[in-house]
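> Kindly return the folded structure for what I paste below:
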Amino acid sequence: MSYNLKEVMNKPERLAAGHRMCAGCGATIAVRGVLRALHEGDHAVIGNATGCLEVSSYMYPYTAWEDSYIHNAFENAGATLSGVETAYRALKKRGRLKENDNFKFITFGGDGGTYDIGFQSLSGAMERGHDMVYVCYDNGAYMNTGIQRSSATPMFADTTTTPVGTQSNGKLQGRKDLAAIIAEHNIPYVAQTTLTRNFKDMYEKSEKAIYTPGAAFLNIMAPCPRGWRYETSEIMKICLLAVETCYWPLFEVDHGKWILNYEPKKKLPIEDFLREQGRFKHLFKKGNEDLIVQFQNEVDRRWENLKYRCEM
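Presented below is the predicted three-dimensional model:
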């Protein structure tokens, strides 16, 4: 059906208010956006790797989750939900569940539990082709344990393990392109999105991921006000700048076909995105102009490579 913002926002919330996530956090906005894509009457089993989202939305016996919920260890969200999905199919086959009991399997993990510690179980679940959706809320560092760098952290970011100082300009390496890596598993659906464009892009991709048979992966940029150091009210502006500078392109890989969902009419310079975040403030000091040029060159290289894949 066609996207209607008012109808989507009026759907019953599956993540209740009253959790303890920070104001201006992108993770819970991403979760709510994904879960709104579930159709009325469908049930969900939600997995959640240890991280900000888990510790702030669940503390036994209290939970903000309206659907069945499983807290996984940091490293095994993919394995846990793939096991639950297998058990569900076995029970269905044996007639132990009602025919109209329709369950969907969705697991959430931050970039620490997805790009790094949980990558092995994620890769295994995708390779086996379980009918599930893995959602990475990518906030670019290990935020829950003190803002340490992850392989999703962008170059030159100031973190507690890549601190800026007289001899350092932050993280030296670029971020891992996880969506492209998961696409190489030849699963039915992979997509990258964020919190912008009236949530239309995120909603449509979430619905497609949930209702496409087989394994699916969503990578959602979900800014963190503590780690990125921005005013909490500026989260949507930062997401928009990430898209308009092509730092975070919106694309999908549907059954092997690469599709670019949005191309800016006028691509903005990367400094427009970096300037809004305290973790990059050192880049704007005199003498660091070449670092911004280096960052821009890397963004341009990845953008041209993505366009080439989509044109092919």
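
> Beta-bridge partners for the residue lying closest to residue 254 once chain neighbours are set aside, please?
Excluding the flanking residues, the one nearest residue 254 by Cβ to Cβ, 6 or more residues apart in numbering is residue 189, at 5.9 Å. For glycine as for every other residue, the C-beta is placed from the backbone atoms N, C-alpha and C. Counting by DSSP bridges, residue 189 forms beta bridges with residue 216, residue 254.

> and the top helix by length along the chain, what other elements does it pack with?
When the chain is parsed with DSSP state H, its longest helix is helix 289-311. The contact analysis (3 or more Cβ pairs under 8 Å, 6 or more residues apart in numbering; DSSP states H and E) places helix 289-311 against strand 257-260, helix 271-274.

> Using CSV, lay out these together with mean neighbour count.
Shown next, in CSV, are the helices and strands packed on helix 289-311 (neighbours: other Cβ atoms under 10 Å):
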stretch, mean neighbour count
strand 257-260, 14
helix 271-274, 20
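
> TSV for the ones you listed, including distance to residue 180 and mean pLDDT?
Formatted as TSV, the helices and strands packed on helix 289-311 follow (distance: least, Cβ to Cβ, whole Å; pLDDT from 0 to 100):
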stretch	distance to residue 180	mean pLDDT
strand 257-260	9	98
helix 271-274	20	98
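
> where does the stretch 101-250 of the chain dip in pLDDT?
Nowhere does the stretch 101-250 of the chain drop to pLDDT under 70.

> again, only this time at 90
For the stretch 101-250 of the chain, the stretches with pLDDT under 90 are 101-102, 197-198.

> tell me which element residue 219 is part of?
Applying DSSP states H and E as the criterion places residue 219 in strand 216-221.

> Give me the contacts around that strand.
Here strand 216-221 makes contact (Cβ atoms under 8 Å, 6 or more residues apart in numbering) with 26, 30, 33-34, 122, 126, 132-139, 178-179, 182, 187-195, 202, 205-206, 208-210, 239, 242, 248.

> in stretch 230-250, what's buried?
230, 234-235, 238-250 (16 or more other Cβ atoms under 10 Å).

> Tell me where this structure has helices.
5-9, 26-35, 52-57, 77-93, 111, 119-128, 178-183, 200-211, 225-228, 235-244, 271-274, 289-311.

> For residue 19, find the nearest of the ones you listed.
helix 52-57 (4.4 Å; Cβ to Cβ).

> Show me what the closest one is packed up against.
Helices and strands touching helix 52-57, by 3+ Cβ pairs under 8 Å, 6+ apart, are helix 26-35, strand 103-110.

> repeat that for 10 Å
Under the contact definition 3 or more Cβ pairs under 10 Å, 6 or more residues apart in numbering; DSSP states H and E, helix 52-57 sits against helix 26-35, strand 43-49, strand 68-72, strand 103-110.

> State the next helix or strand along the chain beyond the last one.
To tie it back to what came earlier, the one meant is strand 103-110. Per DSSP H and E, the helix or strand that comes after strand 103-110 is helix 111.

> what's in contact with that following helix?
Contacts of helix 111 with the rest of the structure, by Cβ atoms under 10 Å, 6 or more residues apart in numbering, involve 51, 117-118, 136-143, 150-153, 175-176, 178, 219, 221-222.

> ok, residue 120 - how many residues close by?
Residue 120 has 13 neighbours, counted by other Cβ atoms under 10 Å.

> contacting residues around it?
Residue 120 makes contact with 75-76, 78-79 under the criterion Cβ under 10 Å, 6+ apart.

> For the residues you listed, which entry has the maximal number of neighbours?
Going by other Cβ under 10 Å, residue 78 tops the contacts of residue 120 with 30 neighbours.

> Please tell me how far that residue sits from residue 49.
Residue 78 is 9 Å from residue 49, where distance means Cβ to Cβ, to the nearest Å.

> try residue 92
26 Å.

> Residue 259 contacts residue 253, correct?
Yes. Between residue 259 and residue 253 there is a contact under Cβ atoms under 10 Å: 7.3 Å.

> overlap in contacts of those two?
Any residue near both residue 259 and residue 253 by Cβ under 10 Å, 6+ apart counts here, and that gives 191, 309-310.

> Scan these and report the most crowded one.
Neighbour max across the shared contacts of residue 259 and residue 253 (other Cβ under 10 Å) = residue 191, 25 neighbours.

> Report the contact partners of that one.
Here residue 191 is in contact with 179, 183, 201-202, 204-206, 208-209, 216-220, 250-254, 259, 261 (Cβ under 10 Å, 6+ apart).

> from these, which would you call buried?
By neighbour count, with 16+ other Cβ under 10 Å, the contacts of residue 191 hold 179, 183, 201-202, 204-206, 208-209, 216-220, 250-253, 261 as buried.
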